[in-house]
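Student: I need the structure of the sequence given here:
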Amino acid sequence: MERALVVFESMFGQTETVARAVAQGVAEVMPVDVVDVAHAPQTLRGHALVLAGGPTHAFSMSRASTRREAQTRGATQGSVDTGLREWLEALGRHEDADVVTFDTRVTSVRRMPGSAARSAARAARRHGLHEVARPESFYVQDVAGPLDDGEEQRATAWGRDVARASRAHHAHR
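Tutor: As a prediction, this is how the structure comes out:
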């Protein structure tokens, strides 16, 4: 049976909430493992689909400096040393796995040009992963949250849709 892997980076807890909601939707289609990026495997063996998400920091994926800054602003989760960027950089080639990326961002900058999800998608493609859906953003009211109304439900539906698209993609291989 195909499995999915949801890897998340979260500093204030909102991205973790989204990741767990995404996983709930994926679980309706296939078995799923959910893991914080600091504990994520460096091999995707056994996972046909990877859903990777993190917060948007400075128009992209976080860096050690932006994670340190988040901690000075009250973040109680995450690691300064390991984020989505570092995990993706250390990942080997995985041409047999599908990927889709997501991020969280503050609603007031909904139209900002950069996105952690888009940056992560580019990094994943460099490792041979096949995108099965466009990167997706989920919105929080402020840096520390909470999520906007309806975002958890939207994340669950999105996870289900992505898992279905991945399953269809693998059926046609």
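Student: pLDDT (mean, whole number) over the strand ranked longest in the chain?
Tutor: Scanning the chain for the longest strand, with DSSP state E as the assignment, gives strand 98-106. Across strand 98-106, pLDDT averages out at 95.
Student: can you give me the angle whichever helix or strand comes after it makes with strand 98-106?
Tutor: Helices and strands here follow DSSP states H and E; after strand 98-106, the next one along the chain is helix 116-126. With axes from the mean of the first three to the mean of the last three C-alpha atoms, to 10 degrees applied, the angle from helix 116-126 to strand 98-106 works out at 160 degrees.
Student: and the next element down the chain from helix 116-126?
Tutor: Following helix 116-126 in sequence order, the next helix or strand is strand 130-131 (DSSP H and E).
Student: same for the helix or strand that comes right after that next one, what does it pack against?
Tutor: Counting by DSSP H and E, the element after strand 130-131 in chain order, helix or strand, is strand 136-140. Counting contacts by 3 or more C-beta pairs under 8 Å, 6 or more residues apart in numbering; DSSP states H and E, strand 136-140 packs against strand 98-106, helix 151-171. (Each C-beta comes from the backbone N, C-alpha and C, glycine too.)
Student: and the angle for strand 136-140 with helix 116-126?
Tutor: Going by the same axes, to 10 degrees, strand 136-140 makes 150 degrees with helix 116-126.
Student: flag every buried residue along strand 136-140.
Tutor: Residues E136, S137, F138, Y139, V140 are the ones in strand 136-140 that count as buried (16 or more other C-beta atoms under 10 Å).
Student: pLDDT of it, averaged?
Tutor: 96.
Student: centre of the chain to that strand, how far?
Tutor: Computed by C-alpha atoms, centre = their mean, to the nearest Å, the chain-centroid distance of strand 136-140 equals 11 Å.
Student: before we move on, back to that, packing partners for the longest strand of the chain?
Tutor: Other helices and strands packing on strand 98-106, by 3+ C-beta pairs under 8 Å, 6+ apart, are helix 14-27, strand 49-55, helix 116-126, strand 130-131, strand 136-140, helix 151-171.
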